[in-house]
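*Asks:* this is the structure alone, sequence omitted:
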């Protein structure tokens, strides 16, 4: 028996066929370890690391079908798959045009949820995959999804249950419990519970949000409030819209900014990163970068905890519960915030917030430019780097010196958001100053960690030779790796070349003169023309969409800049 929950708001492996295969294979092989050799025969009796990545689509496909091709007589698999509508074609996403990725709606007044070509193609693909696998005698499925037409057609011949037709009693009990806890002594509670349950049409989410609104009413206004509640969630006149309209103008603008930052983010943000990003990259009172102003205050554990708690409270007050911070204990020792990622409470909320006509109905809400959002995200990750060391050291000494993987993930996100705006930003001076501060911050963290290190065993060479040697090295050469050695980088400029920060590199080279400029350009040239990918970063296990900078071919415009600076082929 195996199960898999598709989650569109999570990382790539949480909503892709690769993730489904990896999860199901793990569940099977954890119980039947004797099948590991059957699933992955090429990984036995061969050099390590293997020439092909273990989790490549080819290996996963071969493993999945090898098990059932060879053991069809004595192996049966029962798969529970939830959230089929949140499945996405991750490995071919780059083949779609931007317009095919955007969610569209039938018309401005459409109360139903939008779709994109990418999402619709994804739904067709997962339907075919399930049907093809369920045609085998030894595999059975129980699947769940929103009632989209593509699934209605694909699975029309199979028995089904409409959940909303069986939840009225449960919703009545839920409403009764909430009212008893939060509004004790309310008259005619039984009828109120039944009425709310009937009006919900079996939608527990609608019932929860409606109760949130009703509980705060006086006895005199409760009945009129209940009667006025829309019976649907989405659209420009649904319950979601009513909740936003009830906010003050200040909170509406805050909600808009928070929602759009979360939508713009490449992966779920932590509470701390989101808190910094929401503030924007500039201090409006001084016009200075917020990252530079952070040096004027000191962060300790209590300050960082307060920052996260205040952000969580803002999710409730400004975002009316449509955004939540995941709860749970981190299962990976390399990360401290797995349980504090900010995600949409459900897929319908995410699709609704994307609608442009929603925000146009709130005249006090100011539009937000994508470049401003990306710069705010860049600033949020950069400022998070500064406070990261409050909770634990950003640098690890064993088994070798390296940046902690989740700290490096913050650095890599700085590079990714910088790449988004590098060619578009108008305030080039502030942009370069922020990246310079990232470099300075990381080097200070590196040096401080080295100086504070105390060897577990007596090591006379540490203070005499090892420490002085490491202090001369640049932090960017200590990318954490699962397999292989990290790329050798002499300075931050090498990393920005690999991240294709064309304008930043141009500005920094132009600040050099004569022979120094030519030498630096020559030094950077190999990183542009022949990037090496000898290993696998430890960050790959933390983020399904992480790609090492040294795996990518940098922007070809860098060649023009380097040759102009005097580099020779």
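*Replies:* Yep, that arrived. On a predicted model such as this, the values are computed, not experimentally measured, just so you know.
*Asks:* could I get the contacting residues of the nearest residue to residue 320 once chain neighbours are set aside?
*Replies:* Closest residue to residue 320 apart from its sequence neighbours, by Cβ to Cβ, 6 or more residues apart in numbering: residue 243 at 4.3 Å. Backbone N, C-alpha and C define where each C-beta goes, glycine included. Residue 243 makes contact with 209, 213, 320, according to Cβ atoms under 8 Å, 6 or more residues apart in numbering.
*Asks:* wait, which of those residues is closest to residue 424?
*Replies:* residue 320 (32.2 Å; Cβ to Cβ).
*Asks:* neighbours of that closest one, just the number please.
*Replies:* Look at residue 320: counted by other Cβ atoms under 10 Å, it has 22 neighbours.
*Asks:* and the pLDDT for it?
*Replies:* Turning to residue 320, the model gives it a pLDDT of 90.
*Asks:* and for residue 53?
*Replies:* Note on residue 53: pLDDT of 71.
*Asks:* one step back: how close does the residue nearest to residue 320 get to residue 206?
*Replies:* 11 Å (Cβ to Cβ, to the nearest Å).
*Asks:* now residue 55
*Replies:* In terms of Cβ to Cβ, residue 55 sits 39 Å off from residue 206.
*Asks:* out of the two, which sits in the more crowded spot?
*Replies:* Shown here are residue 55 and residue 206; by other Cβ under 10 Å, residue 206 has more neighbours (22 against 15).
*Asks:* kindly report the domain assignment for the protein.
*Replies:* 2-160, 171-229, 247-392, 393-569 (automatic domain parsing).
*Asks:* and the shortest one, how far apart are its ends?
*Replies:* With Cα to Cα, to the nearest Å applied, domain 171-229 spans 17 Å between its terminal residues.
*Asks:* do stretch 198-210 as well
*Replies:* Stretch 198-210: ends 12 Å apart by Cα to Cα.
*Asks:* in it, which residues are buried?
*Replies:* Going by neighbour count (16 or more other Cβ atoms under 10 Å), the buried part of stretch 198-210 is 199, 200, 202, 203, 206, 207, 208, 209, 210.
*Asks:* pull the most distant pair out of those residues.
*Replies:* 202 and 209 (14.4 Å).
*Asks:* how about the residue lying closest to residue 165 once chain neighbours are set aside, what does it touch?
*Replies:* Nearest residue to residue 165 in three dimensions, chain neighbours excluded: residue 202, at 6.2 Å (Cβ to Cβ, 6+ apart). Residue 202 is in contact with 162, 163, 164, 165, 166, 167, 168, 171, counting by Cβ under 8 Å, 6+ apart.
*Asks:* distance of residue 202 from residue 152?
*Replies:* Residue 202 is 17 Å from residue 152, by Cβ to Cβ.
*Asks:* do residue 401 as well
*Replies:* Distance of residue 401 to residue 152, computed by Cβ to Cβ: 57 Å.
*Asks:* after the strand or helix carrying residue 194, next one along is what?
*Replies:* Taking DSSP states H and E as the criterion, residue 194 maps to helix 189-199. Once the chain leaves helix 189-199, the next helix or strand it forms, by DSSP H and E, is helix 204-215.
*Asks:* what helices or strands is the helix or strand that comes right after that next one leaning on?
*Replies:* Once helix 204-215 ends, the next helix or strand along the chain (criterion: DSSP H and E) is helix 219-228. Packed against helix 219-228 by the contact rule (3 or more Cβ pairs under 8 Å, 6 or more residues apart in numbering; DSSP states H and E) you find helix 189-199, helix 204-215.
*Asks:* quick check: phi and psi on residue 300?
*Replies:* Main-chain torsions, residue 300, degrees, to the nearest 10: phi -120, psi -170.
*Asks:* ok, how many other residues are close to it?
*Replies:* The burial count for residue 300: 10, using other Cβ under 10 Å.
*Asks:* helix or strand for the nearest residue to it once chain neighbours are set aside, which one?
*Replies:* Distances taken as Cβ to Cβ, 6+ apart put residue 390 closest to residue 300, at 6.2 Å, once the chain neighbours are dropped. If you go by DSSP H and E, residue 390 is not part of any helix or strand.
*Asks:* again with residue 382
*Replies:* helix 370-388.
*Asks:* do the same with residue 185
*Replies:* Counting by DSSP H and E, residue 185 is part of no helix or strand.
*Asks:* buried stuff in stretch 305-314?
*Replies:* For stretch 305-314, by 16+ other Cβ under 10 Å, it's 307, 308, 311, 312, 314.
*Asks:* and those residues, which is closest to residue 432?
*Replies:* Of the buried residues of stretch 305-314, the one sitting nearest to residue 432 (Cβ to Cβ) turns out to be residue 307, at 27.0 Å.
*Asks:* OK, contacts around the closest residue to the closest one other than its chain neighbours?
*Replies:* Closest residue to residue 307 apart from its sequence neighbours, by Cβ to Cβ, 6+ apart: residue 275 at 5.2 Å. By Cβ under 8 Å, 6+ apart, residue 275 lies in contact with 307, 308, 310, 311, 380.
*Asks:* may I have the phi/psi pair for residue 275?
*Replies:* phi -60, psi -40.
*Asks:* who touches the longest helix seen in the chain?
*Replies:* In the chain, assigned by DSSP state H, the helix with the most residues is helix 428-452. With contacts defined as Cβ under 8 Å, 6+ apart, helix 428-452 is touched by 281-282, 289, 291-292, 375, 378-379, 382, 385-386, 388-389, 393-395, 403, 411, 414, 418, 421-422, 425, 467, 470-471, 474-476, 478, 492, 496, 501, 503-504, 507-508.
*Asks:* from these, keep the buried residues only.
*Replies:* For the contacts of helix 428-452, buried by 16+ other Cβ under 10 Å: 281-282, 289, 291, 375, 378-379, 382, 385-386, 388-389, 394-395, 403, 411, 414, 418, 421-422, 425, 470, 474-476, 478, 492, 496, 501, 503-504, 507-508.
*Asks:* looking at those, which are in helices?
*Replies:* 291, 375, 378-379, 382, 385-386, 388, 411, 414, 418, 421, 470, 492, 496, 503-504, 507-508.
*Asks:* quick check: pLDDT value at residue 188.
*Replies:* On pLDDT, residue 188 comes in at 77.
*Asks:* counting neighbours, what do you get for it?
*Replies:* When neighbours are counted by other Cβ under 10 Å, residue 188 registers 10.
*Asks:* try residue 290
*Replies:* For residue 290, using other Cβ under 10 Å, the count is 20.
*Asks:* next: residue 408.
*Replies:* 27.
*Asks:* the stretch 51-200 of the chain: helices as residue ranges?
*Replies:* Using DSSP state H, counting those that start in this stretch, the helices of the stretch 51-200 of the chain run over 57-70, 98-101, 117-134, 149-154, 168-182, 189-199.
*Asks:* I misspoke; the intended subject was the stretch 251-400 of the chain.
*Replies:* Assigned by DSSP H, counting those that start in this stretch, the stretch 251-400 of the chain shows helices spanning 271-278, 290-293, 301-317, 347-353, 356-360, 370-388.
*Asks:* so which of these comes closest to residue 121?
*Replies:* Between the helices of the stretch 251-400 of the chain, helix 347-353 lies closest to residue 121; by Cβ to Cβ that is 16.6 Å.
*Asks:* show me what that closest one is packed against.
*Replies:* Using 3+ Cβ pairs under 8 Å, 6+ apart: helix 347-353 touches helix 249-264.
*Asks:* tell me if I'm right that residue 539 and residue 413 touch.
*Replies:* No: with contacts defined as Cβ atoms under 8 Å, residue 539 does not count as touching residue 413, sitting 10.0 Å away.
*Asks:* could you check how far the most centrally placed residue in the chain is from residue 34?
*Replies:* Closest residue to the average C-alpha location of the chain: residue 267 at 1.7 Å, with Cα atoms, centre = their mean. Between residue 267 and residue 34 the computed distance is 37 Å (Cβ to Cβ).
*Asks:* now residue 282
*Replies:* With Cβ to Cβ as the criterion, residue 282 and residue 34 are 60 Å apart.
*Asks:* list the buried ones in the helix holding residue 194?
*Replies:* 192, 193, 195, 196, 197, 199.
*Asks:* please name the residues that touch the fourth one.
*Replies:* Contacts for residue 196 (Cβ under 8 Å, 6+ apart) come out as 171, 172, 175, 207, 210, 211, 214, 226.
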